[in-house]
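Enquirer: Have a look at this prediction, sequence included:
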Amino acid sequence: QVQLVESGGGLVQPGGSLRLSCAASGSIFSIYAMGWYRQAPGKQRELVAGITSGGSTNYADSVKGRFTISRDNAKNTVYLQMNSLKPEDTAVYYCTQRITTLQAIMKASDYWGQGTQVTVSS
């Protein structure tokens, strides 16, 4: 019914930048909050940043001032601009969107992308 497709990961040197994108498609009625999580090897998945339908944002302390989350409602897309990347930012990044579908307009569910690898290394 709903698919989230991520793009933009890759290998970057410390201090570099990357921009992740996550586009939702399918039988979408409405989209509420959107967010990015990450999971490093041997660690639990953690919230990186979130954005509400009204544009309010929140960030993990470890990325404040370096990462920026934004959304384009017309494109059902959430972005994560990552600047001043550090080796400890290396992880698989997952996007998530809270969506109601045309088949269930009163029931919001969380959908997840497939994950994209971000590696920060010299």
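Expert: Nice, I can see it.
Enquirer: how about stretch 104-112: buried residues?
Expert: Using 16 or more other CB atoms under 10 Å as the test for burial, stretch 104-112 gives Ala108, Tyr111. C-beta coordinates here come from the backbone N, C-alpha and C atoms, glycine included.
Enquirer: List the contacts of it.
Expert: 2-4, 24, 29-30, 32, 94-101 (CB atoms under 8 Å, 6 or more residues apart in numbering).
Enquirer: Farthest pair within these?
Expert: For the contacts of stretch 104-112, with distances taken as CB to CB, the pair at the greatest spread is Phe29 and Tyr94 (22.8 Å).
Enquirer: Out of the contacts of stretch 104-112, list just those in strands.
Expert: 2-4, 24, 29-30, 32, 94-101 (DSSP state E).
Enquirer: which one of these is nearest Lys86?
Expert: Comparing those against Lys86 with CB to CB places Tyr94 closest, at 19.2 Å.
Enquirer: Send me stretch 54-68 as PDB with only the CA atoms.
Expert: What follows is stretch 54-68, C-alpha atoms only, in PDB (Å, rounded to 0.1, in the frame of the first residue of the first chain):
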ATOM      1  CA  GLY A  54       3.500  21.700  11.300                       C
ATOM      2  CA  GLY A  55       7.300  21.900  10.800                       C
ATOM      3  CA  SER A  56       8.400  21.600  14.500                       C
ATOM      4  CA  THR A  57      11.700  19.800  14.800                       C
ATOM      5  CA  ASN A  58      13.700  17.900  17.400                       C
ATOM      6  CA  TYR A  59      17.200  16.500  17.200                       C
ATOM      7  CA  ALA A  60      19.400  14.100  19.100                       C
ATOM      8  CA  ASP A  61      22.000  16.100  21.200                       C
ATOM      9  CA  SER A  62      24.800  14.400  19.200                       C
ATOM     10  CA  VAL A  63      23.700  16.000  15.900                       C
ATOM     11  CA  LYS A  64      22.300  19.400  17.000                       C
ATOM     12  CA  GLY A  65      23.900  22.200  15.000                       C
ATOM     13  CA  ARG A  66      25.200  19.800  12.300                       C
ATOM     14  CA  PHE A  67      22.100  18.000  10.900                       C
ATOM     15  CA  THR A  68      18.900  19.600   9.600                       C
END
